[in-house]
Every structure is written in C-alpha cells, then in structure tokens.
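Colleague: how would this look folded up:
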Amino acid sequence: MKKIIFTLLFSTLVFSSPSYADWTKVSETVTGQVSYVDFDRIRKHDGYVHYWQLTNYLKPTKYGDLSAKLYYQGDCKAFRYRILTASFYTNSMGTGTISEEAQGSVSWDYPRPSSALETILNSVCSH
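Modeller: Model prediction:
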C-alpha cells in the first residue's frame, strides 16, 4: 500500500510540475546544452516577438549554475535578437536558488549560422 501511495504521489509531483509544463525542447548542442522555448508565452508587439527561453547546462557553469531563463526580444524581419532579462539557477529546468539576475543589452545581436540561437529564433519567428 505504501508503494502505491508513493508511486501516485511521485507521478503527481513530476507530471504536474509547473516548471516543466510549458517548455518545448528546441535545440541541443554537441556539448549537451539543451534549450527550450515556452511557445504559449510568445507575444508579438510593434513588429517584434518577445519570448522566454530556458537553457539547461550539462555541467555546472563556473558559477555553479545548471540552468538559465532568458527573456528575449526578437526582430524576425532583420533576424536579430537581444536579451531583455536573464536569471541563473542552481538546479536544472529553472529550479533551485536564483544565483544571479541581470538586465539585458540594448544592442542587437545576430545569430551565427547553424547555431542554437539561429534554430531558436527560426522556431519563434515561424510560430
């Protein structure tokens, strides 16, 4: 009976967790970095697209982070992006303690060909 209750409780926690619910895997690099986008939260405003990206790192960064959530502004016509805000987390999937929060850049960047950022921006712009 305890085993059934534990299995039911574990399944409920894992499959209903809000931190995993809205993220769709979009890119994985050869180094094992996996990026997700929350397609339900994409917003288009004044010709720009705003979206959330979650990145998991295979190994902790030099700061001990295992994931990051970044809020982007994309320009699909010029195919460029800029980060508006970033939060870094001690656990994967944007969980655990926030180790740092940072404001993004005012300057635009262009994704390198065949990069994870190019794949993500393509996915967001075509959504």
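Colleague: quick one, what contacts Leu54?
Modeller: Contact analysis of Leu54 by CB atoms under 8 Å, 6 or more residues apart in numbering lists Trp23, Ser35, Tyr36, Val37, Asp38, Ser67, Ala68, Lys69, Leu70, Met93, Gly94. The way it works is simple: take the backbone N, C-alpha and C, and place the C-beta from them, glycine included.
Colleague: nearest residue to the last one in space, ignoring adjacent ones along the chain?
Modeller: In space, Gly94 comes closest to Lys69 once its chain neighbours are excluded; the distance is 4.7 Å by CB to CB, 6 or more residues apart in numbering.
Colleague: please name the nearest non-neighbouring residue to the residue nearest to the spatial centre of the chain.
Modeller: Residue closest to the average C-alpha location in the chain (CA atoms, centre = their mean): Leu54, at 1.2 Å. Distance criterion CB to CB, 6+ apart; nearest residue to Leu54, sequence neighbours excluded, is Tyr36 at 4.4 Å.
Colleague: quick check: bridge partners of Ile98?
Modeller: Following DSSP bridges, Ile98 is listed with bridge partners Tyr89.
Colleague: what does the one 4 residues further on give?
Modeller: The partner list for Ala102 in beta bridges (DSSP bridges) reads Ala86.
Colleague: fine by me, thanks again.
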